[in-house]
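Enquirer: with the sequence up front, the predicted model follows.
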Amino acid sequence: MGIRIYNTLTQRKEPFEPVNPGRVGMYVCGPTVYKPSHIGHAVGPIIFDTVKRWLTHQGYAVTWVVNITDVDDKLIVEAKAQGCPVDELAERVTKNYLVALDQLGVRGIDHMPKASEHIAEIIDMCQRLIAKNAAYVSHGDVYFDVSSCRDYLKLSHRKVDDQQAGTRQLAGGEKRNPGDFALWKAAKPDEPPEVQFDSPWGKGRPGWHIECSAMSSKYLGQPFDIHGGGEDLIFPHHDNEIAQSEVCFDRPFAKYWMHNGLTRFNTKKVSKSDPEMAKLMQQLVLSHLLTKYPAELLRFVVLSTHYRRPIEFSDEEIAAKKKGLDSFYRLFERIERVTGSDPYAGGATLDNLFAPVTVRVETFQKLIAEHAARFAEAMDDDFNTGGAIGVLFEIVPAINRFLDEQQLEAGGNVELKPVAAAAVQSLRSMTGLLGLFEKRPPAETSMADTMVDSLMDVLIRVRAEARKAKQYTLSDMVRDQLGSLGIVLEDRPGGTIWRRS
RNA sequence: GGCGGCGUACCCAAGUGGACCAAGGGGACGGAUUGCAAAUCCGUUAUUCAUGGGUUCGAAUCCCAUCGCCGCCUCCA
């Protein structure tokens, strides 16, 4: 049926047809790097990373751009407070952000352009707009004249007149219309030299909005296919991007506008500038969360809900999601132990399933294939990762059931082991499209040394002897005491295994 | 005030006109399995989708109204 995407511009789901057949250009608004990034900044990249994975899987060659806004009022203020240069602050925050994204499995970003490195392109756009009479210079500032754009605010579906009067008169009387926004801001005397760039209008720096227009058109051309970001950016940021870009180049800007729901905490939007949220913010800083929870769990939490819905981010919710995730890890552990195949090995494809079919396993294989189809259906439907994960949760018991029924763990039907292994490979090929279970999870503690393993072997062997002699008081004591140390024993058909709880 | 969205079981959540009189996860309860556990499997947990009207042969899904919550209109992923 093909991919369908909800387009904010048209307010409905549309069949996805790229501007250029077979190729997709995708631009997502990245952070302004002035303070440590929080969980909300990771949501977009995780979602669009998954979008790219799915588009790629469906045969498109995707180019994905995420910008870094490293010149901005807030950076200047923050750098001053910290007593360091603006570029140093930006670099530090950016670096931490990239480390976090990497841990979260965001790998698909092709370009991460910085505003400070695209001043020439920005100035060029300003000049074009001035030449077209769509922008004007005022005291060293350059403003976009919103009246030059007939369908201004078409993305947010507002009317210029409906905007509350007077709220945007901060810049004083230098604007022709209160709604006009800055393309270029003249430098103020006390601003550090690293944010003072030469321009035809004197020293200054870019306004907000313009860098996204300049950089997206540079890396993706115009029009390009998908423009994404948090839904709080629809107005004014994305409306303004559209206005300046379309007036500048006389052609459509972006075809599909995708907006992700905002992360919430205690039902409130997660926001650095909200004073009430400020106290809680350190709990929601990415680097902190990543010490508290496995990155894979955070990614899983984000993808468990459809991207347009807000996510309530709480310890309770994460703990519940973790239990679900664990059932996957246990299945993988089990399949590895029983079949000897590595579930985390790459190169898995659904085709593995259609290896030698016997009547006995045909139903099972068909079942997996049907689930794979449902998974694809969900992903095609506006990247419904929540629904897709629901399908994965049905596959796990199906494989466990097969293992149980065919008594594979107890050593029966050895010839069916490859079938079970292939089913897990199939499952893994689906989770891989969500960026999940791509590699073996790191050991839960740093003490994963061989000594612990050896000691556990000794304890398990001693306990086995006790059980053989039916000395259950003793064997249960070993198990209980290990339990209080956070170690769980499982007596399996093939012997006892242990894991940390 | 304007614009946008949301309200599905105890909690999270998919489904947005019939093929589903509602997936899936967590929790709870019962069963199988086990020496007992753990893990795994099976089953139960919404005659109903905020409320009230309407459209339709048919609605959780469309329309209107009401209530509640959230986002944007200032910086924000």
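Expert: Yep, that arrived.

Enquirer: burial of residue A:467, as a residue count?
Expert: Counted with other Cβ atoms under 10 Å, the neighbours of residue A:467 add up to 17. From N, CA and C alone the C-beta is placed, and that goes for glycine too.

Enquirer: pull out the buried positions in the helix or strand bottoming out on mean pLDDT in chain A.
Expert: Lowest on mean pLDDT, DSSP states H and E among the helices and strands of chain A sits helix A:275-284, with a mean of 86. By 16 or more other Cβ atoms under 10 Å, the buried positions in helix A:275-284 come out as A:277, A:281, A:284.

Enquirer: just the pLDDT for whatever residue of the stretch 101-250 of chain A ends up closest to RNA strand B.
Expert: Going by Cβ to the nearest atom of the strand, RNA strand B is nearest to residue A:230 of the stretch 101-250 of chain A, at 2.7 Å. Listed pLDDT for residue A:230 reads 96.

Enquirer: and what of residue A:357?
Expert: pLDDT, residue A:357: 58.

Enquirer: give me the below-cutoff pLDDT ranges for chain A.
Expert: A:1, A:162-173, A:346-360, A:443-448 (pLDDT under 70).

Enquirer: walk me through the domains of it.
Expert: For chain A, automatic domain parsing gives the domain ranges A:4-306, A:314-433, A:450-500.

Enquirer: among those, which is the most enclosed?
Expert: Neighbour counts (mean count of other Cβ atoms under 10 Å) averaged over each of these peak at domain A:4-306, with a mean of 19.

Enquirer: would you work out how far apart the start and end of that domain are?
Expert: 14 Å (Cα to Cα, to the nearest Å).

Enquirer: and the least confident helix or strand of chain A, what does it pack against?
Expert: When contacts are defined as 3 or more Cβ pairs under 8 Å, 6 or more residues apart in numbering; DSSP states H and E, helix A:275-284 packs onto strand A:263-265, strand A:268-269.

Enquirer: what ranges does the stretch 301-450 of chain A have for its strands?
Expert: For the stretch 301-450 of chain A, the strands defined by DSSP state E, counting those that start in this stretch occupy A:311-312.

Enquirer: quick one, helices of it?
Expert: Remark: helices assigned in the stretch 301-450 of chain A by DSSP state H, counting those that start in this stretch are A:315-339, A:359-380, A:385-405, A:417-433, A:450-468.

Enquirer: got the ones you listed as TSV, with distance to residue A:262 columns?
Expert: Compiled in TSV, those are given as follows (distance: least, Cβ to Cβ, whole Å):
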stretch	distance to residue A:262
helix A:315-339	15
helix A:359-380	23
helix A:385-405	17
helix A:417-433	25
helix A:450-468	43
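
Enquirer: can you say which of these is nearest to residue A:481?
Expert: Evaluated with Cβ to Cβ, these place helix A:450-468 nearest to residue A:481, the distance being 9.5 Å.

Enquirer: picking up where we left off before, so which of the helices of the stretch 301-450 of chain A is nearest residue A:177?
Expert: helix A:385-405 (41.7 Å).

Enquirer: is RNA strand B contacted by that closest one?
Expert: Yes: legend: contact between helix A:385-405 and RNA strand B by Cβ under 7 Å from any atom of the strand is shown at A:386, A:387, A:389, A:390, A:393, A:394, A:396, A:397, A:400, A:401, A:403, A:404.

Enquirer: for the nearest residue to residue A:85 once chain neighbours are set aside, which residues are in contact?
Expert: Residue nearest to residue A:85 in three dimensions, not counting chain neighbours: residue A:194, with 5.5 Å by Cβ to Cβ, 6 or more residues apart in numbering. Residue A:194 sits next to A:85, A:86, A:87 when contact means Cβ atoms under 8 Å, 6 or more residues apart in numbering.
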